[in-house]
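Chemist: Any chance you could fold what I've pasted below:
(one chain, ligands or ions: 2)
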Amino acid sequence: MLEVTRVLATTNEVSLKGGNRKWFENKITANVRRALADMPTATVQRPAWRVLIKFSEPVPFHEVARRLGTVFGLAKIMPVSHVGHTTQDLIEALPEHLDGLNPSNFAVRCLRSDKTFPKTSLELEREIGSAVQELSGWPVDLSRPELTIQVLVDQEGFHLWTRKIPGPGGLPSGSGGRGSCMLSGGIDSPVAAYLAMKRGLRLDFIHFHSVPRTDPASLEKTEELARLLARYQGKCRLAMIPLLPIQEKIIADCPPRFRVLLYRRFMLRLGDIFTRKFRSRALITGESLGQVASQTIENLAAVQTIVNLPILRPLISMDKQEIINLGRRIGTFEISIRPHFDCCSFLVPKHPATKATSIDLNEAEAGLDIEGLVRAAVQGSEVIRIDEPADWTEIPLLPELEEWK
Ligand code: ATP
Ligand code: MG
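Modeler: Ligands and ions are numbered 1, 2, ... in the order given. Have a look, this model is predicted:
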């Protein structure tokens, strides 16, 4: 197992943000602190394009990486060693750090953030490179090195590392405003939430249930998904909204082939109300073009005419398998596939329309007391606060970290 006292992480597009850069970097630093709250974190420094974390005692690198893997805005994560203050200190530390490696070639890359340091990066690279060659006999390849020995010189001296893992990328959580995600207990919507959060949106969640006609276990499952997603952003709210009275009315009064699309119109109407309650600016769904009958382009268009707010669909062009793969990587898939007793087949018609128009849907719901139904659903809803995110063990390790355990 690899234990470390220092970890360096580089930031993603953040350096592109010009005047906002400081603000963005402060957000990242705060999010790093939050993710590492249960570890013996001594300091989190934010020099320019990176974050340097120092621990007060050695910690397993894979546990640090698991936590930093939830901090959007981080591009790469590296276990680094502080090896002293002079080039000589660094050269003396080389044998220990290169032990067990056997690359066909290598290169040294040096970053010099202490501009008062008397040698240039190129001079340092040459000096350290020849020391490595003397030690190992490995040839240098500057264009496509198999092993890159990275050195950072800053006010504190020399840092050395040879391995890195990918960070989650994206933009810092909360840097892009607020959104509300329609979270079912299924596979897709939690992945959609993750992708929206990845671009900086801070989310609250909205769930529609048909209890008692469907299994109340689906409520717990949704809450668990929200808890897991909270690991990627922090606290959130989850609105539980009863849809059954609306569904029963639609089943009784409307043409069966439009049923699902009419349920979805009510979900959007209620989603709109809760998006405003949560002071967010967009609704996020897990819809994917053509995945099911209700997600043809015609049906998506016909359903959404009754609301004005932006509807974001991060999964719109993803295949089911791609969605599943991502769900596995972020930890939602395992929760999504937990079986719960499904008794809602009565809600779904045998022959749903695949090419409805908004006029069809307007006519189909013309006889309903839309306002009254929506008002009753809002009154019957409950908002749960998710203050305590899921246990860290529920966030999967990246496959590349297994060998470091
Ligand atoms: P999921 O997409 O989460 O796997 P699903 O495959 O059953 O659910 P649909 O029923 O077609 O998908 O719904 C598409 C999207 O509508 C979902 O991704 C989700 O954003 C939203 N949605 C569907 N049902 C619910 C629900 N009960 N509560 C909240 N949102 C829902
Ligand atoms: Mg789906």
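
Chemist: where's residue 186, which helix or strand?
Modeler: Under DSSP states H and E, no helix or strand contains residue 186.

Chemist: Pretty sure it sits against residue 336.
Modeler: Yes. Assessed by Cβ atoms under 8 Å, residue 186 is found in contact with residue 336 at 5.9 Å. In short, each C-beta sits where N, CA and C put it, glycine included.

Chemist: These two - which one has more neighbours?
Modeler: When residue 186 and residue 336 are compared for neighbours, residue 336 comes out ahead with 21 against 17, by other Cβ atoms under 10 Å.

Chemist: Identify the residues contacting the nearest residue to that one once chain neighbours are set aside.
Modeler: Closest residue in space to residue 336, ignoring its immediate chain neighbours: residue 187 at 4.4 Å, by Cβ to Cβ, 6 or more residues apart in numbering. Residues counted as contacts of residue 187 (Cβ atoms under 8 Å, 6 or more residues apart in numbering) are 286, 320, 323-324, 327, 332-333, 336-337.

Chemist: Secondary structure for those residues - can I get that in a markdown table?
Modeler: Formatted as a markdown table, the contacts of residue 187 follow (DSSP: H, G, I helix; E, B strand; the rest coil):
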| residue | secondary structure |
| --- | --- |
| 286 | coil |
| 320 | helix |
| 323 | helix |
| 324 | helix |
| 327 | helix |
| 332 | helix |
| 333 | helix |
| 336 | helix |
| 337 | coil |
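
Chemist: Up against ligand 1, what does the protein have?
Modeler: 182-184, 186-189, 206-208, 285-287, 292, 294-295 (Cβ under 6 Å from any ligand atom).

Chemist: Tell me which of the residues you listed fall in helices.
Modeler: Per DSSP state H, helices hold the following members of those: 188-189.

Chemist: Most neighbours among the residues of the chain next to ligand 1, which one is it?
Modeler: Going by other Cβ under 10 Å, residue 206 tops these with 30 neighbours.

Chemist: For beta bridges, what are the partners of that one?
Modeler: Residues in a beta bridge with residue 206, per DSSP bridges, are residue 182, residue 239.

Chemist: quick one: contacts for it?
Modeler: Contacts for residue 206 (Cβ under 8 Å, 6+ apart) come out as 180-183, 238-239, 241, 270-271, 274-275.

Chemist: Can you add pLDDT and give those back as a markdown table?
Modeler: Formatted as a markdown table, the contacts of residue 206 follow (pLDDT from 0 to 100):
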| residue | pLDDT |
| --- | --- |
| 180 | 98 |
| 181 | 98 |
| 182 | 98 |
| 183 | 97 |
| 238 | 98 |
| 239 | 98 |
| 241 | 98 |
| 270 | 98 |
| 271 | 98 |
| 274 | 98 |
| 275 | 97 |
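
Chemist: Now do residue 57 against ligand 1, distance only.
Modeler: Counting by Cβ to the nearest ligand atom, to the nearest Å, the gap from residue 57 to ligand 1 is 42 Å.
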